[in-house]
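S.K.: Predicted structure and sequence below. I'll ask about it afterward.
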Protein chains: 2
Amino acid sequence: MPTSHDPQRAPANQRSVRRHNLGVVLRHVAEHGPRSRAAIAHETGLNKTTVSSLVGELIDFGLVEETAVELRGTVGRPAQPVALGGSRVIGLGLEVGVDFLAVLTADLAGGRRVAALVTEDNRGRPVADVMARLAGLAREALRRAAEDGRRCAGAVVALPGLVDSPSGQLLVAPNLGWAGVDVPALLRDELDDPGFPIRAENEANLGALAELWQGAGREFRDFIYISGELGIGAGLIVGGELFRGARGFGGELGHVTVDADGERCACGSRGCLETRVALGALLRDAGLPAGASVAQLAARGTEPRVASILHEAGHWLGVGVASAANLLNPRGVVVGGYFATLAPWLVPGLEAELATRVLAAEWAPPAVVTSALGGEAAVRGAAAAALRRVFADPALVTELPATAA
Amino acid sequence: MPTSHDPQRAPANQRSVRRHNLGVVLRHVAEHGPRSRAAIAHETGLNKTTVSSLVGELIDFGLVEETAVELRGTVGRPAQPVALGGSRVIGLGLEVGVDFLAVLTADLAGGRRVAALVTEDNRGRPVADVMARLAGLAREALRRAAEDGRRCAGAVVALPGLVDSPSGQLLVAPNLGWAGVDVPALLRDELDDPGFPIRAENEANLGALAELWQGAGREFRDFIYISGELGIGAGLIVGGELFRGARGFGGELGHVTVDADGERCACGSRGCLETRVALGALLRDAGLPAGASVAQLAARGTEPRVASILHEAGHWLGVGVASAANLLNPRGVVVGGYFATLAPWLVPGLEAELATRVLAAEWAPPAVVTSALGGEAAVRGAAAAALRRVFADPALVTELPATAA
């Protein structure tokens, strides 16, 4: 019930300052972990009374909660720390891969609540069919969120190609064979306009953000995230931020030339890194059927061809990544996507090429680390990215629609 | 004479706010061009009385001056616009090239006051000799600045290799054959510690800044500047700022691999872009002596080999730049350095490869433009960079030493 002290009834200007400060407090807790109201006041420069009131509102919103553990300072009464709350909102991450569809929901506290991966070859299937299947996965995830009393703050779809910014139109995905597909609009239709924003983003960019926020990239503020499946993408993190280029088309590592007169690529060029390293080429070169698990074969060790092909692929990957490192001077290289499972065979060649080909390797060698998020990185990044708007403006949770079933 | 209203006698805190505001006003005039005090007040949000006082102090410093032209507004008395003044300070730009030394001074108004280029092969010469020659050029430029009553705000040295940040140590310059040379310290000694800061920076980075501030890059906020001499470098401008990478070693376009099993490069790797495009290789391939003017020979048209070699070089350049464009998604490519003079022969191949090899070329083709600053870009950028501290803190001009002869 609104009272005379209800902050929502404050004049517009005061209310907008308050909305802003709600974000300051929520982001502070997100970035620095559970802490007392007094610590938040001290660290943000907001006064204690304001912080208590803001925390109260964030608790009402279900975005923070008082933790069970009490922290005792050196003096005074024990302080009850507050932490991010996971009970109110979710972000919906979706992914259209070349041969799979994925869904994942994440809550504000970083919890991964629902995840599903459906293996199916999307090449050559009508776009409408794929979108209907994807919407089915989304509806199921939203239904389960609604059962738990959670509302969806937004959805982000990871796509394996060039995504126009800010329209979210998929301009081209060479390995998928799609061009000019407005994925957010199609999904919005399939979901009967669910009342939360739907965006699309390149899958490697989202994978890189997941690594930055939750994965192997946390230790770096400048790194190249390599995502490999049937194609190869990269997400570039520069100074702790996603680097997208002037129009959002940066990070196309798979189309860096490694062999100028080499094989024709699906993109129309020749000798792209993808032609030497992508999974399809690896399988074909080994005389193995597409769909065979290269990692399992390599681990089993019964197919010596597989190990030697992977070693060579690692060298080619190193040639391409070294070019990127010469241009970008990153602190780290995160081997992700399908490549994470192949890391034991790929990384030695990759590191050897970096040592030889990166001019600054003697002074600033990029550290090569393997992703622990594996194939889930992009869809995790998508779910986390969908929640970003809550951190920007926590009060919007009061405006979210009850999740449709 | 200090008076009771002398801003320099204000309490420390007020004085530091005032120093800050002097910078706000000076940068505003630099970025937006000549304008009245009223316009400055309106556009910066500072009050009119403060702006008048700040402008008065900047005029006393010799950093801005009243222009002859009067602008008349729609109402009221004519406003006397103020513009950047060129009479007080200079920035000293220096460059150690593989086969030349250069010096250039620039004033605050963008005027290029003294410039000299001395052709000499610095490869294999003792570092001390080269530094003594460079210091000689610097002293002559400072002497002429002193004659004109100008003081030097700082010096920046452009170097063709990896420069450590912030120490300014030259880690390695493969084409020069130098490694581990503390150029700023050596120059400071040679100049008997002149009392202004001396920094060093990669030449392509400085060339890119010159293009951004004064040249072909003004129309772009995101571009790749290609600098070619005996080696190939690049300066990357992202969102209107120099992109240096985590440790300042970014932009090494010359060491992007274009031919993985190709020729050995001076850096120790194989098939670097430099091995296919650098001037030394071009001359050798054409059977021409080093030092011959490739541009003159090509223009004369009597050596068909020269034109065909340059066309091929343009294609290789395009392979390397396309890789960079796939990663960085720039709006433009500025062909600079020695390559600017060869642009008519190089650009067609470069553009053809960009069209074929850049995945986003259909939607966001990078525009290729030729630098008008040519071989002077880096040393111009160096002089302009040396003046940046004046824009950051205009009051420091009162602390500059009288230039030593």
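M.R.: It's in.
S.K.: Residues contacting stretch A:130-137, please?
M.R.: A:94, A:96, A:101-103, A:116, A:118, A:120, A:122, A:157, A:183, A:186-187, A:190-191 (CB atoms under 8 Å, 6 or more residues apart in numbering or on different chains). In this view, the C-beta of every residue, glycine as well, is placed from N, C-alpha and C.
S.K.: Sorry, wrong one. I was asking about stretch A:177-197.
M.R.: Under CB under 8 Å, 6+ apart, the answer for stretch A:177-197 is A:92, A:94, A:96, A:123-124, A:127-128, A:131-132, A:134-135, A:138-139, A:142, A:152-155, A:157, A:159, A:161, A:167-173, A:198-200, A:389, A:400-401, A:403-404.
S.K.: still on that earlier bit, so which of the contacts of stretch A:130-137 sit within helices?
M.R.: Among these, the members found in helices (DSSP state H) are A:183, A:186, A:187, A:190.
S.K.: and which of the contacts of stretch A:130-137 is nearest chain B?
M.R.: residue A:183 (16.1 Å; CB to the nearest CB).
S.K.: Can you pull the poorly scored residue ranges out of the stretch 101-250 of chain A?
M.R.: Scanning the stretch 101-250 of chain A for pLDDT under 70 picks out nothing.
S.K.: Mind jotting down where the strands sit in it?
M.R.: Here the stretch 101-250 of chain A has its strands, by DSSP state E, counting those that start in this stretch, at A:112-119, A:151-159, A:162-163, A:170-173, A:178-181, A:198-202, A:223-228, A:232-238, A:241-243.
S.K.: quick one on the thing from earlier: what two of the ones in helices among the contacts of stretch A:130-137 are the furthest from one another?
M.R.: A:183 and A:190 (10.4 Å; CB to CB).
S.K.: between these two, which one's more packed in?
M.R.: Per other CB atoms under 10 Å in any protein chain shown, whichever of residue A:183 and residue A:190 has more neighbours is residue A:183, with 25 against 18.
S.K.: list the contacts for residue A:97?
M.R.: Applying CB under 8 Å, 6+ apart, the residues near residue A:97 are A:122, A:160, A:203, A:229.
S.K.: Can you name the residues of the stretch 51-200 of chain A that neighbour chain B?
M.R.: Neighbours of chain B within the stretch 51-200 of chain A, by CB under 8 Å from any CB of the partner chain: A:162, A:164, A:171, A:172, A:174.
S.K.: Model confidence for residue A:404, exactly?
M.R.: Note on residue A:404: pLDDT of 51.
S.K.: Minimum distance to chain B, which residue of the stretch 301-405 of chain A gives it?
M.R.: Nearest residue of the stretch 301-405 of chain A to chain B: residue A:329, at 2.5 Å (CB to the nearest CB).
S.K.: Nearest residue to that residue in space, ignoring adjacent ones along the chain?
M.R.: residue B:245 (2.5 Å; CB to CB, 6 or more residues apart in numbering or on different chains).
S.K.: got it, and residue A:61?
M.R.: Spatial nearest neighbour of residue A:61, excluding adjacent residues (CB to CB, 6+ apart): residue A:397 at 5.0 Å.
S.K.: That neighbour contacts residue A:89, doesn't it?
M.R.: Yes - using CB atoms under 8 Å, residue A:397 is in contact with residue A:89, at 5.6 Å.
S.K.: For the lengthiest helix in chain A, name the packing helices and strands.
M.R.: Criterion DSSP H: the longest helix present in chain A is helix A:304-328. Contact here means 3 or more CB pairs under 8 Å, 6 or more residues apart in numbering or on different chains; DSSP states H and E; on that basis helix A:304-328 packs against strand A:223-228, strand A:232-238, helix A:273-277, helix A:279-285, helix A:294-300, helix A:343-357, helix B:304-328.
S.K.: one more time with 7 Å, if that's ok
M.R.: Counting by 3 or more CB pairs under 7 Å, 6 or more residues apart in numbering or on different chains; DSSP states H and E, the packing neighbours recorded for helix A:304-328 are strand A:223-228, helix A:273-277, helix A:279-285, helix A:294-300, helix A:343-357, helix B:304-328.
S.K.: From the chain's centroid, how far away is the fifth one?
M.R.: Translated: helix A:343-357. 25 Å (CA atoms, centre = their mean, to the nearest Å).
S.K.: contact partners of that helix?
M.R.: A:298, A:307, A:310-311, A:313-315, A:317-319, A:321-322, A:325, A:335, A:339, A:361, A:365-366, A:368, A:370, B:255, B:257, B:268-269 (CB atoms under 7 Å, 6 or more residues apart in numbering or on different chains).
S.K.: Separate out the buried members of these.
M.R.: Buried members of these, counted by 16 or more other CB atoms under 10 Å in any protein chain shown: A:298, A:307, A:310, A:313-315, A:317-319, A:321-322, A:325, A:335, A:339, A:361, A:366, A:368, A:370, B:255, B:257, B:269.
S.K.: And the furthest pair within the residues of the stretch 51-200 of chain A next to chain B?
M.R.: Across those (CB to CB), the longest gap, 15.6 Å, separates A:164 and A:174.
S.K.: State the mean pLDDT of the helix or strand encompassing residue A:333.
M.R.: According to DSSP states H and E, residue A:333 maps onto strand A:332-337. Averaged across strand A:332-337, pLDDT comes to 95.
S.K.: Which elements pack onto the next helix or strand after it?
M.R.: Heading C-terminal from strand A:332-337, the first helix or strand you meet, by DSSP H and E, is helix A:338-341. Counting by 3+ CB pairs under 7 Å, 6+ apart, the packing neighbours recorded for helix A:338-341 are strand A:223-228.
S.K.: touching chain B at all, the strand it packs on?
M.R.: No - using CB under 7 Å from any CB of the partner chain, strand A:223-228 never reaches chain B; the gap is at least 8.7 Å.
S.K.: What lies in contact with that strand?
M.R.: Strand A:223-228 is contacted by residues A:203-204, A:207-208, A:211, A:217, A:232-237, A:253, A:279, A:321, A:324-325, A:328, A:330-339, A:378 when judged by CB under 7 Å, 6+ apart.
S.K.: change it to 6 Å
M.R.: Applying CB atoms under 6 Å, 6 or more residues apart in numbering or on different chains, the contact partners of strand A:223-228 are A:204, A:207-208, A:211, A:217, A:233-237, A:324, A:330, A:332-339.
S.K.: again, but for stretch A:323-331
M.R.: By CB under 6 Å, 6+ apart, the list of residues contacting stretch A:323-331 reads A:220, A:222-224, A:256, A:358-359, A:366, B:245-247, B:249-250, B:252, B:255-257, B:323-324, B:327.
S.K.: And the residue of the stretch 151-300 of chain A that's closest to chain B?
M.R.: Closest point on the stretch 151-300 of chain A to chain B, by CB to the nearest CB, is residue A:245, at 2.5 Å.
S.K.: how about TSV for the contacts of residue A:97, with distance to residue B:64 added?
M.R.: Output for those, formatted as TSV (distance: CB to CB, whole Å):
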residue	distance to residue B:64
A:122	62
A:160	54
A:203	52
A:229	58
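S.K.: Residues in a beta bridge with residue A:35, which ones?
M.R.: residue A:82 (DSSP bridges).
S.K.: If I follow the layout properly, it ends up in contact with residue A:81?
M.R.: Yes - applying CB atoms under 6 Å as the test, residue A:35 and residue A:81 come out as touching, 5.4 Å apart.
S.K.: quick one: which of these two has more around it?
M.R.: Using other CB under 10 Å, the more surrounded residue of residue A:35 and residue A:81 is residue A:81, with 21 against 18.
S.K.: And that one, how far from residue A:387?
M.R.: Separation of residue A:81 from residue A:387 (CB to CB, to the nearest Å) stands at 22 Å.
S.K.: and what of residue A:199?
M.R.: Residue A:199 is 12 Å from residue A:387, by CB to CB.
S.K.: higher neighbour count, those two?
M.R.: More neighbours surround residue A:387 than the other of residue A:199 and residue A:387, with 24 against 19 (other CB under 10 Å).
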